[in-house]
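Novice: pasting the sequence and the predicted model now:
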Amino acid sequence: MSTQFVTDDHGKKLAVILPIKEYNKMMDDLEELEDIKLYDAAKKSKQSFLNAEEAFAEIEKKRGNK
């Protein structure tokens, strides 16, 4: 990775400059990691499922169109 650093007068690193291609890849990787974390959390939670007919009936009931 080709990076450059922005430093203050004392040499303390304040920011990083990197090529847009590398930045975009990093952002894609972070998004994928977030998706993995959400997937893992969803698998750990207790979930119940409805078949399609039950789901549509529940939606219609909540709309008031029994």
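Specialist: Done, it's in.
Novice: and Ile36, how far is that from Asp29?
Specialist: 11 Å (Cβ to Cβ, to the nearest Å). (Each C-beta comes from the backbone N, C-alpha and C, glycine too.)
Novice: how many neighbours does Leu18 have?
Specialist: 13 (other Cβ atoms under 10 Å).
Novice: how near is it to Asp28?
Specialist: Here the criterion is Cβ to Cβ. By it, Leu18 lies 14 Å from Asp28.
Novice: what does Ile17 give?
Specialist: 19 Å.
Novice: kindly report the same for Lys13.
Specialist: Taking Cβ to Cβ as the measure, Lys13 falls 25 Å from Asp28.
Novice: again with Ser48
Specialist: Relative to Asp28, and taking Cβ to Cβ, Ser48 is found at 33 Å.
Novice: could you list the low-confidence segments of the chain?
Specialist: Within the chain, the segments meeting pLDDT under 70 span 65-66.
Novice: ok now the longest helix seen in it, how far from the chain's centre?
Specialist: Taking DSSP state H as the criterion, the chain has its longest helix at helix 20-44. The gap between where helix 20-44 is centred and where its chain is centred comes out at 6 Å by Cα atoms, centre = their mean, to the nearest Å.
Novice: what residues does it touch?
Specialist: When contacts are defined by Cβ atoms under 8 Å, 6 or more residues apart in numbering, helix 20-44 is touched by residues 1-2, 18.
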